[in-house]
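[1] Turn this into a structure:
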Amino acid sequence: MYKAIIKRLVDFIASLFGLLILSPIILIITIFLSFSNNGKPFFYQRRPGKNEKVFKIVKFKTMNDNTDVNGNLLPDEDRITKTGEFVRRTSLDEIPQLFNVLMGDMSLIGPRPLLVKYLHLYNEEQRQRHLVRPGITGWAQVNGRNNVAWKQKFKYDVWYVQNISFLLDCKILWLTLLKVIKSDDILSPGQAGTEAFTGND
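    Predicted structure coming up:
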């Protein structure tokens, strides 16, 4: 009952109220990032969602598009702006994903959506992470986030899919808030992110 109906209802109501309450912050960040990123405050990227259906995830854009003399993007650490660094450090870059939750592409809690190009690398067990909507935060994120090997992250994701409950989601939400407050396991520019997954981890 919770997984099939109530979870989506909670997501819709929570994301709607979240966007309304956070609208002043969203507006301020949008203005600052527009100045620092040449009028581009948002970052869009195709990600696989439930049943591997592809959607466009939206986040605040924390890096500019500066390139070298050959037209190649500069390293991440050279492109992140001061505003972007603050937004990322405080996890405020994740706020726009509430729009994805509102539209039904994502959930507040669930496995984090990775890149589309990795779909063919998952084994059958790992593919179970796509049986539910991806989340803004999840069981893997509160159990190490960027400090956990991919193989273990997927085990956390699959375990979550097999054990979804209201109490578990509440626990994950609470642990996420604690991590944000403490700024634990925040990915820094230059660190390996989703691009590091090779399917052999």
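[2] element containing the closest residue to Gln128 other than its chain neighbours?
    Spatially, and ignoring its direct neighbours in sequence, Gln128 is nearest to Val158 (4.8 Å; C-beta to C-beta, 6 or more residues apart in numbering). From N, CA and C alone the C-beta is placed, and that goes for glycine too. Secondary structure assigned from DSSP states H and E places Val158 in helix 150-162.
[3] cool, Leu167 as well?
    Element membership of Leu167 [criterion: DSSP H and E] is helix 166-182.
[4] hey, where'd the helices end up in this protein?
    Under the criterion DSSP state H, the chain contains helices at 7-36, 76-79, 82-89, 97-103, 150-162, 166-182.
[5] Please identify the buried residues of the helix holding Val158?
    Buried residues in helix 150-162, counted by 16 or more other C-beta atoms under 10 Å: 150, 153-158, 160-161.
[6] Just the closest of those to Arg129, please.
    Checking the buried residues of helix 150-162 against Arg129 with C-beta to C-beta, the nearest one is Asp157 at 4.0 Å.
[7] thinking again about what came up before, export the buried residues of helix 150-162 to TSV and tack on distance to Glu94?
    Shown next, in TSV, are these (distance: C-beta to C-beta, whole Å):
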residue	distance to Glu94
Trp150	20
Lys153	17
Phe154	21
Lys155	23
Tyr156	18
Asp157	18
Val158	23
Tyr160	18
Val161	21
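[8] Take those residues and write them to TSV, including pLDDT.
    Supplementary listing: the buried residues of helix 150-162 in TSV, determined by pLDDT from 0 to 100:
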residue	pLDDT
Trp150	88
Lys153	93
Phe154	95
Lys155	95
Tyr156	96
Asp157	97
Val158	97
Tyr160	98
Val161	97
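[9] lowest confidence element among the helices and strands of the protein?
    helix 76-79 (a mean of 84; mean pLDDT, DSSP states H and E).
[10] Just the CA atoms of that one, as PDB, please.
    Presented in PDB, the C-alpha positions along helix 76-79 are these (Å, rounded to 0.1, in the frame of the first residue of the first chain):
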ATOM      1  CA  ASP A  76      36.000  20.600 -12.800                       C
ATOM      2  CA  GLU A  77      38.100  22.300 -10.100                       C
ATOM      3  CA  ASP A  78      38.800  25.200 -12.600                       C
ATOM      4  CA  ARG A  79      35.200  25.700 -13.600                       C
END
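[11] residue nearest the centroid of this protein?
    Taking C-alpha atoms, centre = their mean, the centroid of the chain lies closest to Ile136, which sits 4.7 Å from it.
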